[in-house]
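Chemist: Sharing a model prediction with you, sequence too.
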Amino acid sequence: MTERSLAEIKKQNGTIHLSERAWGYLFAGPAFILVGLIALAPITAALWLSLRQQLPIFGIDAFVGFQNYLQLFEDDRFWAACRTTLYFTVLSVSAELLLGFGFALLLSRLSDGGGGGLRWAHVMIILPWAIPTVVSAQIWAWLYQPDYGLLNYLLYAAGITEGRIDWLGDPDWAIHAAVVMDVWKTTPFAALLLLAGLKTVPQELYAAARVDGAGTWEQFRRITLPLLMPVVLIVLVFRTMDAVRVFDAVFVLTGGGPGNSTETLSIYAYKTLFQTLQFGYGSALATAMFVLAALLSLLYVLLLRRHVQESA
Amino acid sequence: MMMWFRTHGLTACVLLLVGLFCLGPVLWQAVTSLKPDQDLVRLPPLIPERVTGVHYDRVLLQSSLPRSLANSVVVAASATVTAIVVGSFCAFALARLPIAGKSVILGVALVTSMFPPIAVISPLYLLMRELGLRDTLVAVGLTHAVYSLPLAVWLLTSFFQQLPKELYQAARIDGCTPLQALLTIILPLARPGLAVAALLVFIYSWNEFMFALTLTASDTTRTAPVAVALFPGLYEIPWGDLAAASLVVTLPVAGLALAFQRHIIAGLTAGSVKG
Amino acid sequence: MAEVRIEQLEKRIGPKTILPPLTLTVHDGEFFVLVGPSGCGKSTLLSLLAGLDQPTAGRILFDGNDVTDLEPRERDVALVFQSYALYPHMTVRENMAFPLSVVPRAKRLERPRIEEEVQRVAGFLGLSALLDRRPRELSGGQRQRVALGRALIRKPRLFLLDEPLSNLDAQLRASMRAELLRLHKELKVTTIYVTHDQTEAMTLGDRLAALNQGRVQQIGRPHDIYAAPANLFVAGFMGYPPMNLLSARLKNDSIQAGPWHLTKPPEAPTVSQEQTVTVGLRPEDVVVGPANGLDDEGVVCGIVRLTEPSGPTLWVTVELNDLNSEAFTIIGTAQAGFVPKIEDRVEVSALQATLHLFDPMTGLRLGAS
């Protein structure tokens, strides 16, 4: 006899008896139907659309194979969007990781000091995370406002700048303004994860290292950092995923402008899909974005796998 | 006071630094929301000389924001209930029942949460139109529920797995069907985990913008973030009203986050840190 | 109450064999112990009997009825877990009533009847005063009783116990053993008890099966197994301190184990000359006395390495020196009144009638019994 049949339904005394496995499929079923209908079907449709040329206004709808993808290679705007996206991702993710690490290290000192300081820090740090991205974009748009914005005033009052900087109107500044906003919004997430990771490092290790003569920096480099690698990896993957797909923040802050200086892939895809209604090409853009995000995650995993395995 | 400052000096400095970074922009928004219009274009002073409630009056009584807030409550609540109910059953099957293809399920969940939402919007829009749900709150709530399901299932599975396996086995021996065991033993014991998952789904749904933007078309179905993003301004942006609206929209999630910060942090760090 | 028959029961997960085919019969009303080191498959076997796990092949029969495909709830078995698995959100009363309250409505007892049953079982186990407490407010022994109560309340056909005493301290364990035996005498439910503790197996079981790596090594009454272990594994596992196992050579009528000459017992099998055997000697059959300098037959000298008082007996670990090979140690019993110290020189002799002989290749017992 081999494995029992999958779903044994036995009738006894008129009642239906399900095997444990059958119950399992019954329980997982609704989630599957919902995800299949509302997530997998549209994803499949998007992949299918990316192989078609669809321009409803001109009544064009034809299968074109990989032509949309080939077209991507010759599309300067696509490459510009790629560069913008990567620039945004690299800058914001590295700033978030460094700043988050700094916060986590500072806050981990608090937990030793007691006095409820850590609780207050948690309360404060969770606020930017909880705020809707759209709202935080509006908050920063007001801070960046060239004439009455707080940022220009503070810089002027401190004697750092003389004139007014049009943060969102200047193509060189706009992308950085978006990065700063994103860093403000998501550093708490990185800090919270890293802080939780720091708490799992056994204190005896630091004591042992001190006995062995290691200084603060050595302790950080030889104990904290390697042990925290799995958390760092997770922060990197999560944050990169979100940064590559960034939409709300930039859309509300600059709408992709000025010019196309802040046009990330998702904004280009959005405009292609909903302003010029090129459903086929827009889907190909979005798929390219997915590939980019997946490749970056894979890269992280490959680069950091050794560290993670060592500390695991 | 001095004594307190000396012993807690470091704590106070760190808190001040973190606080300024995290709360500064929000505080400035609060200040802005209380300034009369003519003072908005005047800087200094930093601390407003006159305070007014006119912006709150306008967004709460003379705009469609209350309607949008109500929409958001309906959408987020229904998304949360759907994701938690459907997710609990699925997570329980993953955690304790001998179903095949668990790795396939996890793979599907990963792809679903990695795929750019922007890519699925047009097919999703067409689907909702076919289902007759175009421009309805049901469409937004359902979409939010489904796209937060991977997170909910992931969290709940790990919470269920933390409960001793013997409790489920004991319930089975004592004569429970898997359904009875889930309802009478597992769910009551996993209540803290359910709360965490529910909070995260609620906050996700409340804050979600892109689906809400594209699946709704009118003032009557617009959710709060969409209302804030498309805040009406005829000639120039009404910064005072916008600030007031921003704070009003933030208040529910900020309140939840502050009240349940411990649970939320537990949820955010679950799995990622211990695994 | 039931007779349990296990026929060629097998469990594999992928290519890995958890439990090789196993056949076993437990008689109606018997207290049967499965004993073996951790990882020997005894817990897997218990899960299969309870219906928590499905076998890859084979059958389980209760009173001749095949229950292999039945769900746990349909088998009418009770299981006491090592961790007790009490429901932490329920009171003692709710925990004990739980098996009766989840029965399908048509067959369920009335509420007052359930309460009556809870009171009856609680009285039986001395839990009457604790019914409104929650598990975390109970001591280990009390939790153990609640777990027993929850298992007993349904009057199951088969009572399974998975290392139920291993989380208790030593004193409580002894008294719970007595209590389990009392319960079994009164209820006469067929009981299968899993343990890694050979003392528990010896004191509790009507019969026991020693398991190693999923295979039954020996089945029998505790005394019979102790007196005549079927192979080297059982010889080494059952009994404390463990049996001394020495590599030896047969020569004519004597057995040469290192420096030690032992007389071959009369019922020992006829084996070819010069055959290598493994000699087993229970520590209680090895006498350690003061060295008197005489070179008696069957006596060997050694140095005390460890003494372990255990009630009236004093176990002595002695290192025997062999001129030809490496030193080896043997555990014996100190002569009445003799209290050796570590590093003392002592004499060791064996009670000849109780030698056990094993084939070192197959591990099997040599000889009649």
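Modeler: Nice, thanks for sending it over.

Chemist: Tell me the confidence at residue 27?
Modeler: No chain in the question, so chain A it is. pLDDT recorded at residue A:27 is 92.

Chemist: Please refer instead to chain B.
Modeler: The model's pLDDT for residue B:27 equals 88.

Chemist: roughly how far apart are it and chain A?
Modeler: Shown here: residue B:27 relative to chain A, a distance of 10 Å by C-beta to the nearest C-beta, to the nearest Å. Placement of C-beta: from N, CA and C, glycine included.

Chemist: how close does that residue get to residue A:143?
Modeler: From residue B:27 over to residue A:143 the distance is 11 Å, taken as C-beta to C-beta, to the nearest Å.

Chemist: So is stretch A:236-245 next to chain B?
Modeler: Yes: contact between stretch A:236-245 and chain B is present through A:241, A:245 (criterion: C-beta under 8 Å from any C-beta of the partner chain).

Chemist: and that stretch, how far out from the chain's middle?
Modeler: For stretch A:236-245, the distance between its averaged C-alpha position and the chain's averaged C-alpha position is 3 Å (C-alpha atoms, centre = their mean, to the nearest Å).

Chemist: likewise stretch C:88-106?
Modeler: Using C-alpha atoms, centre = their mean, the distance between the centre of stretch C:88-106 and that of its chain works out at 32 Å.

Chemist: so what's the residue nearest in space to the middle of chain A closest to, chain neighbours aside?
Modeler: What sits nearest the mean C-alpha location of chain A, by C-alpha atoms, centre = their mean, is residue A:242, with 1.8 Å. Leaving aside its sequence neighbours, residue A:242 sits nearest to residue A:186 (C-beta to C-beta, 6 or more residues apart in numbering or on different chains; 7.2 Å).

Chemist: who are the neighbours in contact with that neighbour?
Modeler: Neighbour list for residue A:186: A:92, A:96, A:128, A:129, A:239, A:242 [criterion: C-beta atoms under 8 Å, 6 or more residues apart in numbering or on different chains].

Chemist: quick one on the thing from earlier: so which of residue B:27 and residue A:143 has more stuff around it?
Modeler: When residue B:27 and residue A:143 are compared for neighbours, residue A:143 comes out ahead with 23 against 12, by other C-beta atoms under 10 Å in any protein chain shown.

Chemist: Which strands and helices lie in contact with the helix or strand hosting the more buried one?
Modeler: When elements are defined using DSSP states H and E, residue A:143 is found to belong to helix A:133-144. Judged by 3 or more C-beta pairs under 8 Å, 6 or more residues apart in numbering or on different chains; DSSP states H and E, helix A:133-144 is in contact with helix A:150-157, helix A:171-199, helix A:248-253, helix B:9-34, helix B:224-229, helix B:239-259.

Chemist: List the residues that contact the closest residue to chain B within the stretch 101-250 of chain C.
Modeler: At 4.9 Å from chain B, residue C:102 is the closest residue in the stretch 101-250 of chain C, using C-beta to the nearest C-beta. Under the criterion of C-beta under 8 Å, 6+ apart, the contact partners of residue C:102 comprise B:171, B:174, B:175, B:176, B:180, B:184.

Chemist: Count the residues that sit near the residue nearest to residue B:211 when sequence neighbours are not counted.
Modeler: Spatial nearest neighbour of residue B:211, excluding adjacent residues (C-beta to C-beta, 6+ apart): residue B:143 at 4.8 Å. By the criterion of other C-beta under 10 Å, residue B:143 has 29 neighbours.

Chemist: Following the chain onward from the helix or strand containing residue B:143, which element is next?
Modeler: Of the helices and strands defined by DSSP H and E, residue B:143 is found in helix B:137-162. Using DSSP H and E, the helix or strand that follows helix B:137-162 towards the C-terminus is helix B:165-173.

Chemist: quick check, residue C:32 in a strand?
Modeler: Yes: assessed by DSSP: H, G, I helix; E, B strand; the rest coil, residue C:32 belongs to a strand.

Chemist: Spatially nearest residue to residue C:188, not counting backbone neighbours?
Modeler: In this structure, residue C:188 finds its nearest non-sequential neighbour in residue C:29, 4.7 Å apart by C-beta to C-beta, 6+ apart.

Chemist: Tell me who's in contact with residue C:173.
Modeler: For residue C:173, the set of contacting residues under the criterion of C-beta under 8 Å, 6+ apart consists of residue C:165.

Chemist: give me the element it is part of.
Modeler: Using DSSP H and E, the secondary-structure element containing residue C:173 is helix C:170-187.

Chemist: in that helix, what's buried?
Modeler: Applying a neighbour-count criterion of 16 or more other C-beta atoms under 10 Å in any protein chain shown, one finds C:172, C:173, C:176, C:177, C:179, C:180, C:183, C:184 buried in helix C:170-187.

Chemist: Adding distance to residue C:47, write the helices and strands packed on helix A:133-144 out as TSV.
Modeler: Written out in TSV, the entries for the helices and strands packed on helix A:133-144 read as follows (distance: least, C-beta to C-beta, whole Å):
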stretch	distance to residue C:47
helix A:150-157	65
helix A:171-199	36
helix A:248-253	51
helix B:9-34	51
helix B:224-229	51
helix B:239-259	43
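
Chemist: right, and residue A:257 touches residue A:174 too?
Modeler: Yes: contact between residue A:257 and residue A:174 holds when scored by C-beta atoms under 8 Å: they sit 7.3 Å apart.

Chemist: quick one, which of the two is more surrounded?
Modeler: For residue A:257 and residue A:174, the more surrounded residue by other C-beta under 10 Å is residue A:174, and the numbers stand at 23 against 16.

Chemist: how about the more buried one, what does it touch?
Modeler: Going by C-beta under 8 Å, 6+ apart, residue A:174 touches A:167, A:168, A:254, A:257, A:258, A:261, A:262.

Chemist: Find me the pLDDT at the second one, would you?
Modeler: What that stands for is residue A:168. The per-residue pLDDT reported for residue A:168 equals 79.

Chemist: burial of it, as a residue count?
Modeler: Residue A:168 has 21 neighbours, counted by other C-beta under 10 Å.

Chemist: Please apply the same query to the one 10 residues further on.
Modeler: The tally of other residues near residue A:178 (other C-beta under 10 Å) stands at 27.

Chemist: show me where pLDDT drops low in the chain?
Modeler: In the absence of a named chain, chain A is used. By pLDDT under 70, the low-scoring segments of chain A are A:1-17, A:111-117, A:304-312.

Chemist: Oops, wrong one, chain B.
Modeler: If you take pLDDT under 70 as the line, chain B has these spans: B:1-8, B:10, B:232-235, B:271-275.

Chemist: Show me what the longest helix anywhere in it is packed against.
Modeler: Once chain B is assigned using DSSP state H, the helix that runs over the most residues is helix B:65-96. Counting contacts by 3+ C-beta pairs under 8 Å, 6+ apart, helix B:65-96 packs against helix A:20-35, helix B:102-114, helix B:137-162, helix B:191-207, helix B:224-229, helix B:239-259.
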